[in-house]
Each structure stands twice: as C-alpha cells, then as structure tokens.
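*Asks:* Provide a 3D model corresponding to the input given below.
(chains A, B, C and D)
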2 protein chains.
Amino acid sequence: MTKSAGEVKAPQKAPGNQPKTARGEATRKAILSAAERVIGAKGYNDASIGHITSEAGVAQGTFYIYFTTKEQVFSELVLEMGRLVRHTIAEATQGIEDRLEAEKAGLTAFLEFVCAHPDLYRIVQEALFVDPQAYQEYYQTFAAGYRAGLEAAQEAGQISKGDAETRAWALMGIGRTLGEQLVVFKSDKPISEIVASGYDLIANGIKP
Amino acid sequence: MTKSAGEVKAPQKAPGNQPKTARGEATRKAILSAAERVIGAKGYNDASIGHITSEAGVAQGTFYIYFTTKEQVFSELVLEMGRLVRHTIAEATQGIEDRLEAEKAGLTAFLEFVCAHPDLYRIVQEALFVDPQAYQEYYQTFAAGYRAGLEAAQEAGQISKGDAETRAWALMGIGRTLGEQLVVFKSDKPISEIVASGYDLIANGIKP
DNA sequence: ATTATACATGAATACTGGTTCATGTTTCAT
DNA sequence: ATGAAACATGAACCAGTATTCATGTATAAT
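*Replies:* The predicted structure follows:
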C-alpha cells in the first residue's frame, strides 16, 4: 500500500483506530462483517451497536476500539462496496476490446455481484440519507469511469456518438434497477435472460 | 372494518383518523405537507414529530389526532408520490399515439416532476428501509403500467419486439438515475438536453 | 343557550440505544 | 520473566423522542 519512509499509518484512510495486532485486525474485520450483515438486513437505524457486536461475538465496548461512531462503520461499508464493485466489473471486462461486448460482460458481472452481496446493495441505497457524501462519491466515481470508457469507445468508433455523461448515468440506471429487481423484488428470472434483454436495449434501443 | 350498509367510511384508504370538519381537514393537510418538507430534508429518522408539528404550526399532540404513528405519515407520502407521478406522466403522454414520442414526453414530464418535488423523490428512496411494502407497491405499480404500454406498442409495431418486463424496469432505471442526477447531484444541465440524449439511447441504443 | 362532539394543547411518560469508562486480560518486545 | 501497550469487557450514563393523557377550547346541531 504505497509506503514511503518509516511510516506505517494508512495513507489516505485513517478511520477510527487502526488495529496494531493480528488479533485486533481479526476483531475489526469481524465487526465490519457483522455490521454488513446486520445493517443490510435491518437497515441503519434498526441495527443497534448491540446487535452488531453480539453478531460479531464481542462486547459492546469493543466496537469503539475500532470505530469512533456508528456512522463510521457505515461509511466504511459504502467505501468497500464501491471498491468491490469497480474491481469486479473491471476484472470482468478485462481484455474485452469491443465496448458492446464489454457492456454485456459488465452488466452480467454487476448483476451477479449484487446477487452475491444483497446487503451491500441496500447499504449503498441507504447512504443517500445516512452519509450523503459517501453516496455521492460512490456514484460519481463510478460515473466518471463509465463516462471515460464510453468516450474512448466513441473515439474508436465502437459505439455511436452521443453525450457520454448522460449515457453513463442512464446505463448505470439500467444496471441499478435490474439489480434491484433481482435483489429487492426477488425476481427469479435468470441473469442471462435479463442481460440479454438489457443488452439488446442498450445496443439497439426499442425503435422498430 | 368491512362495513356493509349505510357506511360512509373512506373506501380503500382508512389511515389514521380522518377529519370530520373543514378545520380538521386543513390541519391534517398542514401536517402532511410539513412532514413532506421536513422528512424530505432531514430524512425519516432525524425528522422528529416535534419538528413536523412545529413546522406545521400545531402542538405535538395534534399529530396523533390524524395519524396513528410516525410511520403512517410516511406511508401516506409515498402513496401520494405514486399517485402524483403516475398522474403527471399519464397526463403528459395523453393523446400521443406514437410510443417513442410518448417515451420522450414521459421522460420530460418525469424529470420536471422530480425537479419540482425533490422531497418526494427522496422519500420514495427512503421507503425501501422505512416501509418496504410501500416501496414495492410504488415500483411494481409503475412497472406494471409501463410494461402494459410497451406490450401494446409492440403489438402495434411501434417498437421492436423484446421482453417488456425487463424493458420496463430498465427504462424506469434510466428515468430514475437521470432524475437523481438532477435532484441529488444538482446537475445544472437543462432537462431538454438530458431528455434528448436519454431518448436517443432509448430509441437507438449505442450501437454505431 | 346548551350540550355533545370534534379538535387542540403541551407536559409527562417510557423506552431505546449510542457512547463512555473503570476495570480486567492478552500480547509482545526486551 | 516483566512491564508496557494493545485489546476486551459490560455495566452505567445520558440524550433524544415517539407516544399518551388529562385538560382545555372551538364548532355545530338542537
């Protein structure tokens, strides 16, 4: 993680108290993971510190060794979700040179991800109210990358010309709502079918 | 409940205690309207009954004359948002026989609506956690109507064939995210431009 | 006018749950 | 071994706030 001299402190992120032992590391992870499950299931407000710590198998006070506040765990989860999603999609589209194919692969990867992490999905949604800044960062970072990809594809003539910014948001919206259909509304439609229909829309639109 | 003969109770909706006087009616409306502003601005949990009633200019206890619980006002707001949005879009697309034109008009109307009612927009988002049932009803009702419209247009040959269900969700997603870009991320891009780009995507896709 | 009903008040109640803290226990360098 | 630092505990504190209630005031019918 980008060291320089003798410093071992985390570079950009210094949230709460970082553990300094393997034991501490494990405990912190356990709490974070429990928080993901509990907050994802019950929502931010109904998820009490007591719930989280008992799910993690530690005492209530232990929470405050690693996190300064309830909101902080939440923020960290949103951040993590952002990194994970971007990483997952980047990996899935790695090496695909045709943008349309990359769209298809990216959409598939995203839908599979949200199915595997329904809790994280809900947490990001709730961030709009609990931690608006984290929410904005999540979407703006995502949108920025998406937009850059679309612009490059335009240059390369792989897709038609158009406002990359608006397109990026619209395409995110497609993925988001289709993901929600799966996770929140518990549709049993297979991902491959959804992707096929979604991709057709993205590529060709609905004009006859 | 389920009365039979000479009952005059509200037909489908019987939330809390309905007022029986013009005065009561006015007070109830004032509270509902204040709730919309306060909850929209601060979010469900930070919006206390005290905040709402003082914004409405009534005493705290007055709240419970018309609403049985804090959650109930919230539900009612989500319901109202649903009716308003559907009504607004239906009106805007009234009499447009070409589906693609109707899409454009509907998207415009939706974006204008969310700009005019940013609070309601946020409230619906928060319903996912505060009142999941209301949230689901909101989207499923919307999706059902959307889907029916798309299917009819397919029959009429106005749009290409495709899975109307998935298309409905995807198109909702586009509107939703573009609306969010305006209201939450405070983009200053004019609606007409956004609609133009969005419509192009919906109609033609991004294939070169 | 009178009275029953609807409406309004705001202080009191009751309870939840985030955060702190004094007190142990474990780990690690020396 | 041994002391210091890291880690862990859970009971207690405290603030906020949804809801209730006893007590009024306005309204409409008789």
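*Asks:* Going by C-alpha atoms from here, please, whenever you check contacts or count neighbours.
*Replies:* Will do.
*Asks:* Which of the three states applies to the residue nearest to A:Val195 when sequence neighbours are not counted?
*Replies:* Of all residues not flanking A:Val195 in the chain, A:Thr108 sits nearest, at 6.2 Å (C-alpha to C-alpha, 6 or more residues apart in numbering or on different chains). The three-state label given to A:Thr108 by DSSP: H, G, I helix; E, B strand; the rest coil is helix.
*Asks:* Give me the neighbour count for whatever residue of chain A ends up closest to DNA strand D.
*Replies:* Residue of chain A nearest DNA strand D, by C-alpha to the nearest atom of the strand: A:Gly61 (3.1 Å). Neighbourhood size, A:Gly61 [other C-alpha atoms under 10 Å in any protein chain shown]: 11.
*Asks:* Just the element for A:Ser33, please.
*Replies:* Per DSSP states H and E, A:Ser33 falls inside helix A:22-42.
*Asks:* pLDDT of that helix, averaged?
*Replies:* Mean per-residue pLDDT for helix A:22-42: 96.
*Asks:* Could you check how far that helix is from the centre of its chain?
*Replies:* 17 Å (C-alpha atoms, centre = their mean, to the nearest Å).
*Asks:* A:Lys207 is in contact with B:Asp200, isn't it?
*Replies:* No - using C-alpha atoms under 8 Å as the test, A:Lys207 is too far from B:Asp200 to be in contact (9.9 Å).
*Asks:* tell me which residues in whatever helix or strand A:Thr141 lives in are buried?
*Replies:* For A:Thr141, the host element (DSSP H and E) is helix A:132-155. Buried residues in helix A:132-155, defined by neighbour count with 16 or more other C-alpha atoms under 10 Å in any protein chain shown: A:Ala134, A:Tyr135, A:Tyr138, A:Tyr139, A:Phe142, A:Ala143, A:Tyr146, A:Arg147, A:Leu150, A:Glu151, A:Ala153, A:Gln154.
*Asks:* With pLDDT and distance to A:Leu128 added, can I get the residues you listed in CSV?
*Replies:* Below are those laid out as CSV (pLDDT from 0 to 100; distance: C-alpha to C-alpha, whole Å):
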residue, pLDDT, distance to A:Leu128
A:Ala134, 96, 8
A:Tyr135, 96, 5
A:Tyr138, 96, 10
A:Tyr139, 97, 11
A:Phe142, 97, 15
A:Ala143, 97, 16
A:Tyr146, 97, 21
A:Arg147, 98, 22
A:Leu150, 98, 26
A:Glu151, 98, 28
A:Ala153, 97, 31
A:Gln154, 97, 32
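*Asks:* Show the contacting residues for A:Leu171.
*Replies:* A:Leu171 makes contacts with A:Ile202, B:Ile174, as judged by C-alpha atoms under 8 Å, 6 or more residues apart in numbering or on different chains.
*Asks:* circling back: show me what the helix holding A:Ser33 is packed up against.
*Replies:* Using 3 or more C-alpha pairs under 8 Å, 6 or more residues apart in numbering or on different chains; DSSP states H and E, the elements in contact with helix A:22-42 are helix A:49-56, helix A:70-93, helix A:118-130.
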